[in-house]
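Compute the structure for the input listed below.
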Amino acid sequence: MTGQQADIQWYIAREGKQHGPLSDVEMRTFVAQGHLKPTDLIWRAGFADWRPAPAVFPFQQPEPPAAAPPRPNPATQGRRPEPARAAAPAAGAVAPERTFEPNRIRVAQGSDDSRKSRSRRALGLVVLVALLVGGGWYAWQSGVISSLTDGLSSGKEGEQVPTVAAPGGSSGAQTAAVETPAAAPVSAAAIDAGAQTLDAKFEKMPAWIVVKREFPDWYGEQLRQAAQLTAQNQPEHEVNKHLAEALIALRRQHANEALSASTERLKAVATSFLENLKSLANQSVGACYGFISQGETAPAVMEVLQSPEQGAAVQAQVAAIFEAIADGRKSPTTHDKAAKTDYDVLVQELTKLGWKENDLVVFSNPTMLSREPPERVCKMVQDWFSAHLAVADQGTQERLLVETLKPVVSG
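Numbers count the residues shown, from 1 in each chain. You can find the predicted model right below:
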């Protein structure tokens, strides 16, 4: 696969909803597994508009199963057997439709019996990392791609994903007209005063300090929007939600820059992510599990995100990501992709933490992991990052961190 192919990001539109992005490997595996529908629309950078799925990935009829070899007949022994003929499908038979589960794509691992079991599990972990994208580390358990419909960049400057057409309608989402009471007008002076109050509060928070420094115009606009919501007597949790979602959108927009940061910055992101998980786990299993599954919009996280006292750990993590974004913007670093041998090293570190073969099996299988108790999931994700940070070889650690931090900065 060429480097240009590896950089392709695919988007899928199904039933008026847009999903993606998927890397070229993930997309082609998704297609190979039979999850793509003929009614889907496909887009990537370079396409003028959405294209029908069959025009991009021609659909092939599945081959009929091979017929079982006939039992030897004593009366015909010694004769040259006639070529076996595949049985024709029964009239009217319809192949069962596959469930739409793009976040559970599997890459075939082969059947070479000479491979060691641990190496197979390491490859399974490689696949798992590729799947952990969306609204948090654990969001793939829902079995659908996270919908990213807010004008995400396609990865090519100046080119954006076109708006997907809603079912049975023209381009754009079709919504029923609902009469809502008009919000009371808010004076500019009230908004300015509220923005200044928020600014004074955010000056004590590491994440907002970095964001204000790197994105001053964006920061000022978010203060004004939050102040307007407050002036309109919106509940505090709605204001916090607005700020958290805006922060997530900004992080996602600059994810590639974060992943282009120096190794030391990447280590800082991984370290702060681990410390945040530990801090949340000390509060409650639910807080830790909620962050893994929902990110900064988890209720327990959103509550402390705007608190200088209680949200120190999550603030440090968000600040580390935006420091990485700043570093990647100023001095971008090209990192090599992780190889299977790197994951073999990671498995060795996990073994030192007490992981057994069954732990590797569970963690590399999204279906099995989704059935585990939240407490165990929290512990396993913490172990996962601890193992990354314990890798001694800097090159190996760097390649592993780039892969495992993708869902942290873009999820």
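
Quick one: neighbours of Q283, just the number.
14 (other Cβ atoms under 10 Å). C-beta: built from backbone N, CA, C; applies to glycine.

can you check V210 too?
21.

Quick check, it in contact with A326.
Yes: if you go by Cβ atoms under 8 Å, V210 and A326 touch, sitting 7.0 Å apart.

Would you confirm that D49 belongs to a strand?
No: D49: not assigned to a strand; according to DSSP: H, G, I helix; E, B strand; the rest coil it is coil.

Against which helices or strands is the one helix or strand C288 maps to packed?
In the assignment (DSSP states H and E), C288 maps to helix 285-294. Counting contacts by 3 or more Cβ pairs under 8 Å, 6 or more residues apart in numbering; DSSP states H and E, helix 285-294 is packed against helix 263-283, helix 299-305, helix 374-390.

Quick one: these as a markdown table, columns for distance to G311 and mean pLDDT too.
Formatted as a markdown table, the helices and strands packed on helix 285-294 follow (distance: least, Cβ to Cβ, whole Å; pLDDT from 0 to 100):
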| stretch | distance to G311 | mean pLDDT |
| --- | --- | --- |
| helix 263-283 | 9 | 94 |
| helix 299-305 | 4 | 71 |
| helix 374-390 | 18 | 94 |
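
want to try JSON lines for those, with distance to K337 as columns?
Converted to JSON lines, the helices and strands packed on helix 285-294 look like this (distance: least, Cβ to Cβ, whole Å):
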{"stretch": "helix 263-283", "distance to K337": "14"}
{"stretch": "helix 299-305", "distance to K337": "30"}
{"stretch": "helix 374-390", "distance to K337": "15"}
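
Below-threshold pLDDT in the stretch 301-411 of the chain: ranges please.
303-309 (pLDDT under 70).

What segments of it are helices?
Taking DSSP state H, counting those that start in this stretch as the test, the helices found in the stretch 301-411 of the chain are 312-330, 340-352, 357-363, 366-370, 374-390, 394-404, 406-410.

A strand includes W10, no?
Yes: counting by three-state DSSP, W10 is part of a strand.

my read: it touches L22, true?
Yes: using Cβ under 8 Å, W10 is in contact with L22, at 4.7 Å.

State the distance from the nearest residue to V301 once chain neighbours are set aside to I42.
Setting aside the residues directly before and after it, V301 is nearest to F291 in space (Cβ to Cβ, 6 or more residues apart in numbering), at 5.1 Å. F291 sits 33 Å away from I42 when distances are taken as Cβ to Cβ, to the nearest Å.

Please apply the same query to E323.
From E323 to I42 the distance is 36 Å (Cβ to Cβ).

hmm, back to that, intersection of neighbour lists for V210 and A326?
When Cβ atoms under 8 Å, 6 or more residues apart in numbering defines a contact, no residue borders V210 and A326 alike.

Quick check on F291 and I42: which one has the bigger neighbour count.
F291 (27 against 21).

Surely the more buried one is in contact with N276?
Yes: counting by Cβ under 8 Å, N276 is a contact partner of F291 at 7.2 Å.

Which residues are in contact with each of the two?
Common neighbours of F291 and N276 (Cβ under 8 Å, 6+ apart) are V314.

Figure out the helix or strand that the closest residue to R224 other than its chain neighbours lives in.
Spatial nearest neighbour of R224, excluding adjacent residues (Cβ to Cβ, 6+ apart): A195 at 5.2 Å. Using DSSP H and E, A195 sits in helix 188-202.

and P21, that one's in a strand?
Yes: residue state for P21 (three-state DSSP) corresponds to a strand.

Give the full set of residues in contact with the nearest residue to R44 once chain neighbours are set aside.
Using Cβ to Cβ, 6+ apart and skipping residues adjacent in sequence, the residue nearest R44 is W10, 5.1 Å away. Shown in contact with W10 (Cβ under 8 Å, 6+ apart): 20-24, 26-27, 42-44.

For W10, report the pLDDT, please.
What the model reports for W10 is a pLDDT of 86.

gap between it and V31?
10 Å.

Check S187 too.
55 Å.

out of these two, which sits in the busier spot?
Neighbours per residue, other Cβ under 10 Å: of S187 and V31, the larger number sits with V31, 20 against 9.

For the host helix or strand of the more buried one, buried residues please.
Using DSSP H and E, V31 sits in helix 24-32. Using 16 or more other Cβ atoms under 10 Å as the test for burial, helix 24-32 gives 24-31.

Next: stretch 209-221.
209-212, 214-215, 218-219.

So which of those residues are in helices?
Applying DSSP state H to the buried residues of stretch 209-221, the entries found in helices are 209-212, 214, 218-219.

and which of those is nearest I248?
Ranked by distance to I248 (Cβ to Cβ), those are led by V211 at 12.0 Å.

Give me the local confidence score for the closest one.
We have a pLDDT of 96 for V211.
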